[in-house]
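Chemist: model the following, please.
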Amino acid sequence: MQEVFKISNLEQIRLLSDPFKLSIMQEFAEGERTTGEVARALKQPITRLYRHVDALHAAGLLEITREQQKRGTVERHFRAVGRRFEADHALFADDTDEDSDAIRKMFRASEDEIVNAIKSSSNDDREAIFLRLRMRGTPERLAELQRQLTAWVEEVQDSDDTGEEQLEAGALVAFYPIDPGAESSA
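Modeler: Next up, the predicted model:
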């Protein structure tokens, strides 16, 4: 398994934009598992997962680690091809409608999770943080901030809290230069 897997095509982005497929990928990124083990972890019927797992495998996001005979069938063990997935920026260089649609779909999936978290956080001890900001700084300062964000993401992924009570949280991290001449569509 690679530490960082570069997403190389829009189909992979479309698949990872789906919240259910993303939750499946998260299970496989934690280690080698069967579809049945992931179904139990997600509290879903195994039949619901088969087509999703097949699509993720066909797109090159899951790899088969081993196969074994089990009661007249072949049980396949999968794992994610990477612990973290990053889109190759070259995918969006052409600025086609298809590229923009893939990016928007990914943000819409995150938007739904964020809105639901904000709505429900008033009833929970774990409060959602929602922050959007624009900043100015020297090229060196902005490069350092980007390095710190990347280090934080890696630290979060490397944490091994097995054996402790597990809660789930989401984060959408985007750090990007702003073209002063570009108009916002919002």
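Chemist: tell me where the protein has strands.
Modeler: In order along the chain, the chain carries the following strands (DSSP state E): 2-7, 33-34, 62-70, 73-80, 82-87.
Chemist: give the contact list for R48.
Modeler: The contact partners of R48, taken as Cβ atoms under 8 Å, 6 or more residues apart in numbering, are A39. All C-beta spots, glycine's among them, are computed from the backbone N, C-alpha and C.
Chemist: use 716 as the first number from now on
Modeler: Yes, from this point I'll number from 716; that puts the last item at R763.
Chemist: and the pLDDT at it?
Modeler: pLDDT recorded at R763 is 95.
Chemist: isn't T749 up against R794?
Modeler: No: when contacts are counted by Cβ atoms under 8 Å, T749 is not listed as touching R794 (10.7 Å).
Chemist: R791 contacts T749, doesn't it?
Modeler: Yes: with contact defined as Cβ under 8 Å, R791 counts as touching T749 (6.9 Å).
Chemist: okay, which residue is most central for this structure?
Modeler: Note on the chain: the residue nearest the mean C-alpha position is L737, at 5.7 Å, using Cα atoms, centre = their mean.
Chemist: from memory that one sits against A824, does it?
Modeler: Yes: applying Cβ under 8 Å as the test, L737 and A824 come out as touching, 7.4 Å apart.
Chemist: packed most tightly, which of the strands of the chain would that be?
Modeler: Among these, the stretch with the highest mean neighbour count (mean count of other Cβ atoms under 10 Å) is strand 748-749, at a mean of 18.
Chemist: who touches that one?
Modeler: Strand 748-749 is contacted from outside by 742, 756, 790-794, using Cβ under 8 Å, 6+ apart.
Chemist: could you rerun that using 10 Å?
Modeler: Residues from elsewhere that reach strand 748-749 (Cβ atoms under 10 Å, 6 or more residues apart in numbering): 739, 742, 754-756, 761, 768, 780-781, 783, 785, 790-795.
Chemist: tabulate the strands of the chain (a markdown table), appending distance to L882 and mean pLDDT.
Modeler: Formatted as a markdown table, the strands of the chain follow (distance: least, Cβ to Cβ, whole Å; pLDDT from 0 to 100):
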| stretch | distance to L882 | mean pLDDT |
| --- | --- | --- |
| strand 717-722 | 24 | 86 |
| strand 748-749 | 20 | 96 |
| strand 777-785 | 25 | 93 |
| strand 788-795 | 21 | 93 |
| strand 797-802 | 20 | 84 |
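Chemist: so the residue nearest to the centre of the chain sits against Q727, correct?
Modeler: No: applying Cβ atoms under 10 Å, one finds L737 not in contact with Q727, separated by 11.8 Å.
Chemist: list residues touching both of these two?
Modeler: Here L737 and Q727 share the contacting residues 771, 800, scored by Cβ under 10 Å, 6+ apart.
Chemist: quick one: the lowest-mean-pLDDT helix or strand in the chain to strand 717-722, angle?
Modeler: Lowest mean confidence among the helices and strands of the chain (mean pLDDT, DSSP states H and E): helix 812-836, at a mean of 75. Here the directions of helix 812-836 and strand 717-722 differ by 120 degrees (axes from the mean of the first three to the mean of the last three Cα atoms, to 10 degrees).
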